[in-house]
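[1] Below are the sequence and a predicted model for it; my questions follow.
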Amino acid sequence: MLHHLSLGVRDLHAAGRFYDAVLAALGYRRVFEDDTAIGYGLVDDEDVLCLKLRDDASAPGPGFHLAFAAQSPAQVDAFHAAAMATGGRDNGPAGLRPDYGDTYYASFVVDPDGHRIEAVTKQAAP
(Lines give C-alpha, C1' and ligand atoms only; values in the text may rest on other atoms or scores of the structure.)
Protein backbone atom coordinates (compact mmCIF):
# COMPACT_ATOMS: atom_id res chain seq x y z
CA MET A 1 0.00 0.00 0.00
CA LEU A 2 2.65 2.55 1.01
CA HIS A 3 5.70 3.35 -1.09
CA HIS A 4 7.46 5.47 1.53
CA LEU A 5 6.76 7.80 4.43
CA SER A 6 8.44 11.11 5.26
CA LEU A 7 8.79 12.66 8.72
CA GLY A 8 9.70 16.29 9.26
CA VAL A 9 12.49 16.81 11.79
CA ARG A 10 13.99 19.96 13.31
CA ASP A 11 17.51 18.57 13.89
CA LEU A 12 18.59 16.20 11.12
CA HIS A 13 21.78 15.17 12.94
CA ALA A 14 19.94 14.17 16.15
CA ALA A 15 17.13 12.47 14.23
CA GLY A 16 19.65 10.60 12.09
CA ARG A 17 21.53 9.39 15.15
CA PHE A 18 18.26 8.17 16.70
CA TYR A 19 16.91 6.45 13.56
CA ASP A 20 20.31 4.95 12.68
CA ALA A 21 20.19 3.13 16.02
CA VAL A 22 16.53 2.09 16.23
CA LEU A 23 16.27 1.03 12.60
CA ALA A 24 19.57 -0.87 12.69
CA ALA A 25 18.02 -2.94 15.49
CA LEU A 26 15.35 -3.95 12.95
CA GLY A 27 17.75 -4.62 10.07
CA TYR A 28 17.39 -1.32 8.17
CA ARG A 29 20.12 1.17 7.24
CA ARG A 30 20.68 4.56 5.64
CA VAL A 31 20.19 4.21 1.91
CA PHE A 32 20.78 7.87 1.03
CA GLU A 33 21.50 11.22 2.65
CA ASP A 34 22.08 14.82 1.72
CA ASP A 35 22.09 18.14 3.58
CA THR A 36 18.31 18.13 4.09
CA ALA A 37 17.22 14.49 4.17
CA ILE A 38 18.15 10.97 5.26
CA GLY A 39 16.50 7.88 3.78
CA TYR A 40 16.25 4.43 5.35
CA GLY A 41 15.53 1.07 3.81
CA LEU A 42 17.28 -2.03 2.56
CA VAL A 43 18.42 -1.03 -0.94
CA ASP A 44 20.58 1.97 -1.87
CA ASP A 45 18.54 4.95 -3.11
CA GLU A 46 15.21 3.22 -2.30
CA ASP A 47 14.00 4.71 0.95
CA VAL A 48 10.98 3.46 2.83
CA LEU A 49 11.31 6.12 5.53
CA CYS A 50 12.70 9.58 4.87
CA LEU A 51 13.61 12.21 7.44
CA LYS A 52 13.27 15.73 6.04
CA LEU A 53 14.81 18.76 7.70
CA ARG A 54 12.14 21.40 8.36
CA ASP A 55 12.43 24.37 10.72
CA ASP A 56 8.69 24.19 11.43
CA ALA A 57 8.43 20.40 11.78
CA SER A 58 5.97 19.07 14.32
CA ALA A 59 4.78 15.56 15.05
CA PRO A 60 1.19 14.56 14.31
CA GLY A 61 -1.17 14.71 17.28
CA PRO A 62 -2.70 11.98 19.40
CA GLY A 63 -3.99 8.98 17.50
CA PHE A 64 -1.05 8.75 15.09
CA HIS A 65 1.87 6.39 15.46
CA LEU A 66 4.14 4.54 13.08
CA ALA A 67 4.71 0.82 13.68
CA PHE A 68 7.83 -0.90 12.32
CA ALA A 69 7.80 -4.66 11.77
CA ALA A 70 10.32 -6.63 13.83
CA GLN A 71 11.34 -10.20 13.12
CA SER A 72 11.57 -11.27 16.75
CA PRO A 73 11.03 -10.17 20.35
CA ALA A 74 14.82 -9.71 20.59
CA GLN A 75 14.64 -7.08 17.83
CA VAL A 76 11.85 -5.28 19.71
CA ASP A 77 14.00 -5.30 22.84
CA ALA A 78 16.98 -3.94 20.88
CA PHE A 79 14.79 -1.23 19.30
CA HIS A 80 13.66 -0.03 22.72
CA ALA A 81 17.19 -0.08 24.16
CA ALA A 82 18.53 1.84 21.16
CA ALA A 83 15.77 4.43 21.47
CA MET A 84 16.49 4.98 25.16
CA ALA A 85 20.23 5.36 24.45
CA THR A 86 19.77 7.95 21.67
CA GLY A 87 17.30 10.50 23.02
CA GLY A 88 13.99 8.68 22.76
CA ARG A 89 11.35 8.66 25.47
CA ASP A 90 9.67 5.51 26.73
CA ASN A 91 6.00 5.26 25.82
CA GLY A 92 5.60 1.57 26.68
CA PRO A 93 8.49 -0.83 27.34
CA ALA A 94 9.05 -3.97 25.30
CA GLY A 95 6.67 -6.74 26.22
CA LEU A 96 3.59 -8.73 25.35
CA ARG A 97 0.40 -6.78 24.66
CA PRO A 98 -2.35 -9.38 25.23
CA ASP A 99 -5.05 -6.82 24.41
CA TYR A 100 -3.74 -6.90 20.81
CA GLY A 101 -3.22 -10.68 20.59
CA ASP A 102 -1.57 -13.58 22.37
CA THR A 103 1.79 -13.10 20.63
CA TYR A 104 1.75 -9.31 20.02
CA TYR A 105 5.13 -8.18 21.39
CA ALA A 106 5.86 -4.48 21.08
CA SER A 107 7.68 -1.43 22.34
CA PHE A 108 6.43 2.13 22.08
CA VAL A 109 8.74 5.16 22.09
CA VAL A 110 8.70 8.84 21.22
CA ASP A 111 11.51 10.11 19.00
CA PRO A 112 13.41 13.38 19.64
CA ASP A 113 10.88 15.30 17.50
CA GLY A 114 7.83 13.87 19.25
CA HIS A 115 6.84 11.22 16.67
CA ARG A 116 5.26 8.18 18.31
CA ILE A 117 6.81 4.99 16.95
CA GLU A 118 6.55 1.30 17.72
CA ALA A 119 8.39 -1.91 16.93
CA VAL A 120 6.18 -4.99 16.85
CA THR A 121 6.31 -8.70 16.12
CA LYS A 122 3.68 -11.37 16.38
CA GLN A 123 6.30 -14.10 16.59
CA ALA A 124 5.86 -16.06 19.77
CA ALA A 125 8.68 -15.66 22.28
CA PRO A 126 10.78 -18.85 22.66
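    Yep, it's here.
[2] This protein: helices as residue ranges?
    All helices of the chain, identified by DSSP state H, fall at 12-24, 73-85.
[3] Which of these sits closest to residue 114?
    Nearest to residue 114 among the helices of the chain is helix 12-24; the distance by C-beta to C-beta comes to 11.0 Å. (Each C-beta comes from the backbone N, C-alpha and C, glycine too.)
[4] Turn the helices of the chain into JSON lines, including mean pLDDT, mean neighbour count and distance to residue 105.
    What follows is the helices of the chain, written out as JSON lines (pLDDT from 0 to 100; neighbours: other C-beta atoms under 10 Å; distance: least, C-beta to C-beta, whole Å):
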{"stretch": "helix 12-24", "mean pLDDT": "98", "mean neighbour count": "19", "distance to residue 105": "16"}
{"stretch": "helix 73-85", "mean pLDDT": "98", "mean neighbour count": "20", "distance to residue 105": "5"}
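[5] Need those helices in JSON lines (columns: distance to residue 96).
    Output for the helices of the chain, formatted as JSON lines (distance: least, C-beta to C-beta, whole Å):
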{"stretch": "helix 12-24", "distance to residue 96": "20"}
{"stretch": "helix 73-85", "distance to residue 96": "9"}
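[6] just so I know, which of the ones you listed lies nearest residue 36?
    helix 12-24 (7.1 Å).
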